[in-house]
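Participant: quick one: sequence plus predicted model below, questions after.
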Amino acid sequence: MLHVELDSPATGNAVTSAMLDELLAVLAAPDPAVRVIVLSAAGRDFCLGGDRDELFAGLDEDPTGGRIRSYGDRARRVCEALTSSPAVTVARVQGRATGAGFALALACDLRVGADNAVFRLPELALGLPVAWGGLLPRLLHEVGAARVREIILTGRPVGAVEARKLDILQRVVSAEELDATVEELARPITRRSEAALRVTKTLLVSHASATRMADASVLDSELMASVIAAAHYTRSMAARPPAS
């Protein structure tokens with residue numbers, strides 16, 4: 001079993017480009033002997049989303065949004081690596097899982113949450129599209145269109161009990177029981193045949209993809225870059241002194 005931890009608690013584990021690179025380095029080519037990968041986070045919260053300061057700072061260097069597109073492409077690759085990994089991926093969620101944090105957890109095969117876990121997609125309130133790591137098609141597939149529409153448009157928090165009912169989480173336990181529950185869930189999987197597990201994961205991913213009419217997640221980085229660049233341009237124009 002391989003444990004991968006988001007370890008920037010001072011920032012709420014905000015997802016930076018450097019963090020994405022580190023995750024890709026671990027997830028892109030896992031050891032074939034690893035049957036289970038547990039994704040966890042240090043501190044009170046799982047992840048408070050992407051690092052918006054980094055995204056907006058990138059526009060000062062490249063107003064066309066090139067750095068944002070690069071960031072978005074890496075985010076999609078990380079989430080795809082979690083979903084398509086030959087190992088079973090398990091999200092261990094405590095506290096808030098917001099935006100990118102929600103996407104990272106949902107990309108995992110199994111999700112165990114503490115009873116204080118809260119999921120939220122505040123993108124619309126922040127002037128951003130819900131376009132991070134292929135979150136939207138996964139969420140539609142796992143939860144259903146009607147519920148997803150409400151969660152996104154209202155931006156309301158989804159607590160652990162509701163998240164369990166919506167299959168965002170598969171287990172909800174107290175914070176004290178979180179590690180033991182993850183271990184209990186993972187233990188039988190670590191004893192499975194490597195070949196059988198790999199083929200089964202491939203079948204599950206293939207069948208899930210086949211139920212989608214279309215998957216536009218490849219456009220996430222373009223959508224994010226265009227919206228943020230437009231907002232940045234609007235703010236810059238508003239800050240200009242009036243023409244004399």
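Facilitator: Here it is on my side, so go on.
Participant: how long is stretch 114-122 end to end?
Facilitator: 21 Å (CA to CA, to the nearest Å).
Participant: could you give me the buried positions within it?
Facilitator: 114, 116, 117, 118, 119, 120, 121, 122 (16 or more other CB atoms under 10 Å). Quick note: C-beta positions are derived from backbone N, CA and C, even for glycine.
Participant: one more: stretch 10-24?
Facilitator: 11, 12, 13, 14, 15, 16, 17, 19, 20, 23.
Participant: other residues contacting that stretch?
Facilitator: 4, 6-8, 41-43, 45-51, 54, 70-71, 74-75, 77-78, 81, 96, 100-101, 104 (CB atoms under 8 Å, 6 or more residues apart in numbering).
Participant: adding pLDDT, write the buried residues of stretch 10-24 out as a markdown table.
Facilitator: Shown next, in a markdown table, are the buried residues of stretch 10-24 (pLDDT from 0 to 100):
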| residue | pLDDT |
| --- | --- |
| 11 | 95 |
| 12 | 96 |
| 13 | 97 |
| 14 | 96 |
| 15 | 96 |
| 16 | 95 |
| 17 | 94 |
| 19 | 96 |
| 20 | 96 |
| 23 | 96 |
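Participant: related to what we said a few turns ago, in CSV: the buried residues of stretch 114-122, plus distance to residue 193.
Facilitator: Formatted as CSV, the buried residues of stretch 114-122 follow (distance: CB to CB, whole Å):
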residue, distance to residue 193
114, 32
116, 37
117, 32
118, 37
119, 34
120, 39
121, 38
122, 43
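Participant: before we move on, the earlier item: just the buried ones from the contacts of stretch 10-24?
Facilitator: Of the contacts of stretch 10-24, these count as buried by 16+ other CB under 10 Å: 4, 6, 8, 41, 43, 45-51, 54, 70-71, 74-75, 77-78, 81, 96, 100-101, 104.
Participant: among the buried residues of stretch 10-24, which lie within strands?
Facilitator: Here DSSP state E is the test, and the buried residues of stretch 10-24 give no hits in strands at all.
Participant: what is the nearest of those residues to residue 140?
Facilitator: For the buried residues of stretch 10-24, the minimum distance to residue 140 (CB to CB) is 21.8 Å, reached by residue 15.
Participant: now residue 139: how far from residue 110?
Facilitator: As defined by CB to CB, to the nearest Å, residue 139 lies at a distance of 16 Å from residue 110.
Participant: of the two, who's got more company?
Facilitator: residue 139 (23 against 18; other CB atoms under 10 Å).
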